[in-house]
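> output the structure for:
(chains A, B, C and D)
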2 protein chains.
Amino acid sequence: MNDHRRYARAIELLRAAKLRPTRQRMALARLLFATGHRHVTAETLHDEALAAHVRVSLATVYNALHRFTAAGLLREVVVDGQRSCFDTNTTDHQHFFIEEEGQLQDIPAASVQITGLPAPPPGTSIRRVDVIVRVAKVSG
Amino acid sequence: MNDHRRYARAIELLRAAKLRPTRQRMALARLLFATGHRHVTAETLHDEALAAHVRVSLATVYNALHRFTAAGLLREVVVDGQRSCFDTNTTDHQHFFIEEEGQLQDIPAASVQITGLPAPPPGTSIRRVDVIVRVAKVSG
DNA sequence: CCAGTAAATTAGAATCGTTCTAAAATATTG
DNA sequence: CAATATTTTAGAACGATTCTAATTTACTGG
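This next block holds a predicted model:
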């Protein structure tokens, strides 16, 4: 994808999400959506932006991540109590979590089957089923 | 269960976990393990202790929760990025998470079947599969 | 039972990710 | 272009958690 296409794509994403295409959002959208699916935290994305010479504050990165998530462009993945992780893959899928590295890896939804879930508590309905497969490195 | 039995049980748990049975740990163990399974945060447990006139600092509650978890008496459940939740049910099971209330509810492991998990990433092995069924209240 | 020691508790400070605030900058609309 | 609404920002504030260093408590061997 060339620069022009990337630019057009970012504009389009933001417009569709009813978000003003500001310089900062454009740059973040391009970092997030230019290549294949990604997992980022506010801090990794902020660092990336700075490395790419995009002047943007951490507060704006948080802002953008939340707006993008609300607009359905991102999905938040909860893996540990410390930092929030955002996934550009918003389709139904699950995750491996490599504990030592704090790294996420997608598991296609197609492969995993969850059966036998009991009915949700009275007065509630299921919004999402999150599966985190926690893995640890083995020696050898 | 009467007081004496509870006391004996708490001592036993702590001894088995190679933790000195201090006044604070005894009190916390009794709060945690006296009745059926529970979900607590450091703060809810601290509040409970104070309400029961147990003088214990928040730092000690954090300490105890982590020691108990390391000893296998508790299991940590990650549901949101904000607070850590600890579950006295350490057997294989899953959770409903009621978003509005931040409340957890156990799902017996027996009912849920997860099939079709791909092999873990090279060099890793599966430590645990966490399933969080996120539910939201419905009107009516 | 006591002295010596190792471990645990504590208040308060420090830390870390995240959110808030209020002012300045930018985008949109007419 | 002016008027308005939205966004960005630095820095302060926040809340959960961890750390620090001093005090207290539990254990061990005599």
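
> report the separation between A:Gln24 and DNA strand C.
Distance, A:Gln24 to DNA strand C, using C-beta to the nearest atom of the strand, to the nearest Å: 9 Å. For the C-beta atoms, the positions are set from N, CA and C on the backbone; glycine is no exception.

> near the closest residue in space to that residue that isn't next to it in sequence, how many other residues are there?
With sequence-adjacent residues excluded and distances taken as C-beta to C-beta, 6 or more residues apart in numbering or on different chains, A:Gln24 is closest to A:Val56, at 4.5 Å. When neighbours are counted by other C-beta atoms under 10 Å in any protein chain shown, A:Val56 registers 20.

> next: the one 4 residues further on.
Here the neighbour count serves as a burial measure; for A:Thr60 (other C-beta under 10 Å) it reads 17.

> any idea how far it lies from A:Thr22?
9 Å (C-beta to C-beta, to the nearest Å).

> thought A:Gln105 was touching A:Phe96?
Yes - applying C-beta atoms under 8 Å, one finds A:Gln105 in contact with A:Phe96, separated by 4.3 Å.

> and for those two, which residues touch both?
B:Pro121 (C-beta atoms under 8 Å, 6 or more residues apart in numbering or on different chains).

> the two: which is more packed in?
A:Phe96 (21 against 17).

> so what pLDDT did the most centrally placed residue in chain A get?
Centroid check for chain A by C-alpha atoms, centre = their mean gives A:Asp87 as the closest residue, at 1.8 Å. We have a pLDDT of 98 for A:Asp87.

> equivalent analysis for A:Asp92, please.
So A:Asp92 comes in at 95 (pLDDT).

> also A:Ser139?
At A:Ser139, pLDDT is 81.

> look up how far chain B lies from it.
Going from A:Ser139 to chain B by C-beta to the nearest C-beta, to the nearest Å gives 9 Å.

> contacting residues around A:Arg25?
A:10, A:14, A:19, A:64, A:67.

> I meant to write A:Leu74 there.
A:32, A:65, A:68, A:86-88, A:90.

> quick check: the farthest pair among those?
A:Leu65 and A:Thr90 (13.2 Å; C-beta to C-beta).

> who's more crowded, the two?
A:Leu65 (23 against 13).

> just the C-alphas of the helix or strand hosting that one, formatted as CSV.
Using DSSP states H and E, A:Leu65 sits within helix A:58-70. Output of helix A:58-70 as CSV, limited to C-alpha atoms (Å, rounded to 0.1, in the frame of the first residue of the first chain):
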residue,chain,number,x,y,z
LEU,A,58,0.5,10.6,25.6
ALA,A,59,-2.9,12.0,26.7
THR,A,60,-3.9,12.2,23.0
VAL,A,61,-2.8,8.6,22.4
TYR,A,62,-5.1,7.5,25.3
ASN,A,63,-7.8,9.6,23.9
ALA,A,64,-7.5,8.2,20.4
LEU,A,65,-7.3,4.6,21.6
HIS,A,66,-10.5,5.0,23.5
ARG,A,67,-12.3,6.8,20.7
PHE,A,68,-11.1,4.2,18.2
THR,A,69,-12.3,1.4,20.5
ALA,A,70,-15.7,3.1,21.0
